[in-house]
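Novice: Using only what follows, build the 3D model:
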Amino acid sequence: MDIYAILQILIATIAATSAMTLFSYAVSASFRELYKEPVLLTFLLKQLKINVSNKGKATLAWLLHYFIGFIFVYTYHLFMGESHFKFILTECISIRKHMRNYWNCRLDDTI
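Specialist: As a prediction, the model looks like this:
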């Protein structure tokens, strides 16, 4: 893996995890529920009784949150790097388009 791919993965991790976090905060505010992953992770770390200050637990929760985001982005990168997966994804999209056209024609025939 070259430095360009690593940089891409890191930038995608920061962007995707930040976007997901902003979405979670917006949903949390609109539904008045707790959907904030870093806050939930801080609560989890408190329950584990790790001997770290509350500020340290909050920082650790944010790092853990972004690390989990990195794992998702890296896994996505591994699967998309496989030409077989790209072929399957392309075929699924193509089949879906053909099925939609088929059902649209069938619906027009019944009218």
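Novice: pLDDT weak spots in the chain?
Specialist: 81-111 (pLDDT under 70).
Novice: Residue 34 in helix, strand or coil?
Specialist: Following DSSP: H, G, I helix; E, B strand; the rest coil, the label given to residue 34 is coil.
Novice: Which residue, other than its chain neighbours, is closest to it?
Specialist: Using Cβ to Cβ, 6 or more residues apart in numbering and skipping the chain neighbours, the partner closest in space to residue 34 is residue 28 (6.2 Å). The C-beta positions use only the backbone N, C-alpha and C, and glycine is treated the same way.
Novice: distance of the one you found from residue 35?
Specialist: As judged by Cβ to Cβ, to the nearest Å, residue 28 and residue 35 stand 4 Å apart.
Novice: before we move on, what about residue 62?
Specialist: Distance of residue 62 to residue 35, given as Cβ to Cβ: 16 Å.
Novice: Where does the residue nearest to residue 34 sit: helix, strand or coil?
Specialist: What three-state DSSP gives for residue 28 is helix.
Novice: residues contacting it?
Specialist: Neighbouring residues of residue 28 by Cβ atoms under 8 Å, 6 or more residues apart in numbering: 34-36.
Novice: what are the phi and psi angles of residue 49?
Specialist: Backbone torsions for residue 49, taken as degrees, to the nearest 10, come to phi 60, psi 50.
Novice: What about it, how many residues nearby?
Specialist: 7 (other Cβ atoms under 10 Å).
Novice: Against residue 61, how distant is it?
Specialist: Taking Cβ to Cβ, one finds residue 49 at 15 Å from residue 61.
Novice: got it, and residue 74?
Specialist: Separation of residue 74 from residue 61 (Cβ to Cβ): 20 Å.
Novice: Compare these two (neighbour count), which wins?
Specialist: Neighbour comparison, residue 74 and residue 61: the larger count goes to residue 61, with 21 against 15 (by other Cβ under 10 Å).
Novice: so what's the more buried one closest to, chain neighbours aside?
Specialist: Excluding the flanking residues, the one nearest residue 61 by Cβ to Cβ, 6+ apart is residue 41, at 3.7 Å.
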